[in-house]
Each structure stands twice: as structure tokens, then as C-alpha cells.
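*Asks:* Just need the structure, nothing else, for what follows:
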Amino acid sequence: KIGLVGKYVELQDSYKSILESLIHAGAINETQIEVVSLHSEHIDEKNVEAQLQSLDGLIVAPGFGDRGIEGKITAIAHARTHDIPFLGICLGMQMAVIEYSRNVLMHSNANSTEIDENTDYPVIDLMESQKDVINKGGTMRLGSWKCDLSEGSCVSEVYGENQITERHRHRFEFNNQFKSEVFGEGSFKVSGVNPETGLVEIVENIDHPWFVGVQFHPEYKSTVSNPHPLFVAFIKASIDYLSQQQPN
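*Replies:* I've put the predicted structure just below:
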């Protein structure tokens with residue numbers, strides 16, 4: 001059972017590529033995937049355990065805007081503290097950074113300027129190149145970009161390569177002014193960086209069995225004949241988690 005947290009879960013076509021990617025990854029892992037759609041607006045501290053307790057893995061989906069954000073952060077916190085395999089995609093990765101900044105680094109006001117323009121700890125911010133842009137049309141970071149993977153990281157093993165290319169669609173990204181503090185001595189690490197821009201592309205929690213957040217959209221490249229390695233590894237980790245929960 002894989003939980004998919006988003007704010008458009010009632011509209012299945014909104015996450016069509018992710019759902020298809022899970023089918024591809026399930027097939028190569030020889031397992032059937034049951035996706036449990038979780039509306040992020042309906043997740044809070046009181047019900048998060050009940051909503052996530054039957055899951056074997058959690059995906060926090062891409063999206064825009066402030067609706068349902070706190071529910072995503074609450075779900076990520078539960079996955080992090082309960083060793084549930086986690087994959088954050090685009091906004092999902094950004095929310096993982098905010099969750100860690102708030103609950104581990106204890107910066108309670110940590111946020112994205114997309115959500116709170118006046119936050120005093122903007123770990124996620126508008127792309128530098130767009131801060132003076134008034135007309136937003138066509139100004140997102142789009143298309144395929146290179147990413148250098150850290151040697152020995154989870155994702156370097158997943159991909160089996162030192163450099164990858166992945167597709168993007170975002171306007172907000174990690175604020176590198178906070179890089180040394182967020183990814184300092186703790187368990188949160190950067191494992192993928194754009195070699196040209198320095199953009200943080202991939203984050204991992206090294207104290208967790210499988211916790212990965214990516215700024216890009218791996219679902220855009222997954223096919224039946226070539227399932228995306230991140231989804232394949234995520235489902236493998238979820239199978240391992242399930243086996244550990246079952247009585248001997």
C-alpha cells in the first residue's frame with residue numbers, strides 16, 4: 001500500500017504519471033500496488049497516525065499554492081519518525097526540507113516564500129532569475145537538466161551513475177543561503193546538485209531506511225519498458241518495510 005498525498009487526489013488524472021510510474025515499478029518488483037489517495041487538507045496531528053498506519057510507503061506529490069501544505073508537512077514528519085519509505089517529488093521535496101528545518105533544526109517559522117512571503121527562515125524561495133519578473137508566462141525552470149550525484153549516496157546506487165538528467169517544472173527551489181545550516185552536521189544531506197547552477201536537486205535522510213526528495217519529476221521519464229529507477233527502488237524499499245511489519 002502506497003500513500004499518495006496531494007490536494008487534487010479526487011482528480012486522478014492530476015497524478016496520472018505518478019500512478020503509471022508506480023504500476024511500472026510494481027511490475028518489475030513483481031508486486032501489486034494499491035495506491036491510497038490522501039487529501040492533504042484532511043491530514044493533521046490528530047489523525048495522521050490513523051491515516052498512515054496501514055501504508056508501506058509514502059509519496060508527497062507535486063503541486064502549487066498554499067492549500068493543504070501543513071497536511072503534507074505533518075505526513076512527512078510521520079514518515080520520517082516512523083521509518084516509512086518516503087519519496088517527495090518537487091513540492092514534496094520542498095516540504096521535506098521545511099519539515100526537517102522546523103522539527104529537527106527547531107526553526108518553527110521555516111517555510112517557502114510561495115506560502116509565506118514574510119517568513120524569516122525561507123529555506124525555499126523563488127528562483128533568483130525570476131525575482132524581478134512581472135509577467136510569469138514561460139518563466140519556470142523547464143526541460144531536462146543535469147544533476148551530479150554524491151558518491152556513496154542512496155541515489156547514486158539507485159541510478160548506478162555519477163551524473164543524470166531529469167526533467168523539471170518549477171518556479172520555487174531550495175534557497176542555497178541555508179545550505180550549510182540545513183545540510184550541516186545532522187542526518188539531512190544533499191545527494192544531487194546541478195553542476196551549472198548549484199541548485200539542490202536531491203536530498204536524503206541518512207538516518208532513515210529510505211527517505212529521498214527530488215526537485216525534478218522522475219514520473220515524466222518512466223515507461224512500461226523502462227521503469228524509472230527511483231520508483232523501482234522506492235517500491236523495493238516499501239516491500240522490505242512491509243516484510244518487516246509482518247509477524248514471523
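*Asks:* What's the local residue count around the spatially closest residue to I23 that is not a sequence neighbour?
*Replies:* Residue nearest to I23 in three dimensions, not counting chain neighbours: I33, with 6.4 Å by Cβ to Cβ, 6 or more residues apart in numbering. The C-beta positions use only the backbone N, C-alpha and C, and glycine is treated the same way. Counted with other Cβ atoms under 10 Å, residues neighbouring I33 total 20.
*Asks:* Tell me, what's the model's pLDDT at I33?
*Replies:* I33 carries a pLDDT score of 96 in this model.
*Asks:* wait, isn't it in contact with I235?
*Replies:* Yes - I33 is within contact range of I235, at 7.0 Å (criterion: Cβ atoms under 8 Å).
*Asks:* can you list residues touching both of these two?
*Replies:* By the contact definition Cβ atoms under 8 Å, 6 or more residues apart in numbering, I33 and I235 are jointly contacted by I2, L22, A25, G26.
*Asks:* Return the subset of those lying in strands.
*Replies:* The strands, defined by DSSP state E, take in I2 from these.
*Asks:* that's a strand at the residue nearest to I23, yeah?
*Replies:* No - counting by DSSP: H, G, I helix; E, B strand; the rest coil, one finds I33 to be coil, located in no strand.
*Asks:* That one and Q245: what is the separation?
*Replies:* Going from I33 to Q245 by Cβ to Cβ, to the nearest Å gives 17 Å.
*Asks:* do T113 as well
*Replies:* For T113, the distance to Q245 - Cβ to Cβ - is 39 Å.
*Asks:* Run through the bridge partners of the residue most central in space within the chain.
*Replies:* Nearest to the geometric centre of the chain sits G88, at 1.3 Å (Cα atoms, centre = their mean). Beta-bridge pairing for G88 (DSSP bridges): V60, G213.
*Asks:* so what's it up against?
*Replies:* G88 touches I59, V60, I76, Q94, M95, A96, V212, G213, V214, counting by Cβ under 8 Å, 6+ apart.
*Asks:* re earlier: which one among the shared contacts of I33 and I235 gets closest to F178?
*Replies:* I2 (30.5 Å; Cβ to Cβ).
*Asks:* Any idea what the closest one is bridged to?
*Replies:* With DSSP bridges as the rule, I2 is bridged to V35, G57.
*Asks:* so it touches V60, yeah?
*Replies:* No - counting by Cβ under 8 Å, I2 sits too far from V60 to count as a contact (11.6 Å).
*Asks:* Who has more neighbours out of those two?
*Replies:* Set I2 next to V60 and count neighbours by other Cβ under 10 Å: V60 wins out with 30 against 23.
*Asks:* Correct me if wrong: that one contacts I76.
*Replies:* Yes - here V60 reaches I76: they are 6.0 Å apart, a contact under Cβ under 8 Å.
*Asks:* you'd agree F231 is in a helix?
*Replies:* Yes - with three-state DSSP as the criterion, F231 is part of a helix.
*Asks:* Compute the distance between the nearest residue to it once chain neighbours are set aside and G184, please.
*Replies:* Distances taken as Cβ to Cβ, 6+ apart put A25 closest to F231, at 3.8 Å, once the chain neighbours are dropped. Note on A25: its distance to G184, by Cβ to Cβ, is 33 Å.
*Asks:* Looking at these two now, which is surrounded by more residues?
*Replies:* Taking neighbours as other Cβ under 10 Å, A25 and G184 compare with A25 leading, 24 against 11.
*Asks:* got a list of what the more buried one touches?
*Replies:* I33, S222, P227, H228, F231, V232, F234, I235.
*Asks:* Looking at the shared contacts of I33 and I235, spot the one nearest N205.
*Replies:* Taking Cβ to Cβ as the measure, N205 lies nearest I2 of the shared contacts of I33 and I235, at 18.6 Å.
*Asks:* can you list the weak-confidence ranges in the chain?
*Replies:* 8-13, 65, 127-143, 169-170, 247-248 (pLDDT under 70).
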